[in-house]
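# Output the structure for:
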Amino acid sequence: MNTFRNGITRILNGLAGISFLAMVILTCWQVLTRYVLQNPSTWSEELVGYLFAWMSLLGASLVTCERGHMNIPIIVERFSAPVQKLLNCLGEVIAFLFSAVILVFGGVQITTLAMGQMTSSLGVPIGIFYIVLPLCGVLNMIYTVLNIIDILQGRTEEKEAV
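The predicted model follows:
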């Protein structure tokens, strides 16, 4: 399981890093075209916005992997070990359900709906950029299941990024 988790995490780190690097390059391009060439690039500004959304959602999946999502440990730590396990599992189940309903189910619906609309500057279907919603939903669901397995096996510490 650890090898599987580490493989997915490495891929996510790479995609998030590539997204960030592309955003930096495209933003520099925007500044160059706007202030030096006096001919602003509209397509790069639009692409940076979509890449930012991708990077944010991929980063949220990485946070889910590390069990770094929102929780209140000061309250959980006041309970006995079995209750702590139960509460930690409950938190993961809530994250799983959120990912399944909002990101996967809602993401598939909005992606399908948006495939008929084109971006203004890039001329590609907007749904292409929305694919990240169900993708990250599935990744979050995988990570929450792996987290529940870890919790039940007594490995409750937060995961370190790979």
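
# Can you tell me which helices and strands the worst-scoring helix or strand of the chain on mean pLDDT packs against?
Across the helices and strands of the chain, mean confidence by mean pLDDT, DSSP states H and E is lowest for helix 73-76: a mean of 81. If you count contacts as 3 or more Cβ pairs under 8 Å, 6 or more residues apart in numbering; DSSP states H and E, helix 73-76 packs onto helix 81-98. Any C-beta I mention is one placed from the backbone N, CA and C, and that applies to glycine too.

# So which bits of the helix it packs on are buried?
84-85, 87-88, 91-92, 95-96, 98 (16 or more other Cβ atoms under 10 Å).

# Against residue 40, how distant is residue 32?
Using Cβ to Cβ, to the nearest Å, residue 32 is found at 10 Å from residue 40.

# repeat for residue 148
Where residue 40 is concerned, residue 148 sits at a distance of 49 Å (Cβ to Cβ).

# okay, those two: which has more neighbours?
The neighbour comparison of residue 148 against residue 40 (other Cβ atoms under 10 Å) goes to residue 148, with 19 against 12.

# helix/strand/coil for residue 29?
At residue 29 the chain is in helix, as set by DSSP: H, G, I helix; E, B strand; the rest coil.

# Could you check the pLDDT of it?
According to the model's per-residue confidence, residue 29 sits at a pLDDT of 93.

# Count the residues that sit near it.
For residue 29, using other Cβ under 10 Å, the count is 17.

# contacting residues for it?
Residue 29 sits next to 41, 44 when contact means Cβ atoms under 8 Å, 6 or more residues apart in numbering.

# and if we set it to 6 Å?
Under the criterion of Cβ atoms under 6 Å, 6 or more residues apart in numbering, the contact list for residue 29 reads residue 44.

# ok, now the one 5 residues further on?
The neighbourhood of residue 34, defined by Cβ under 6 Å, 6+ apart, consists of residue 40.
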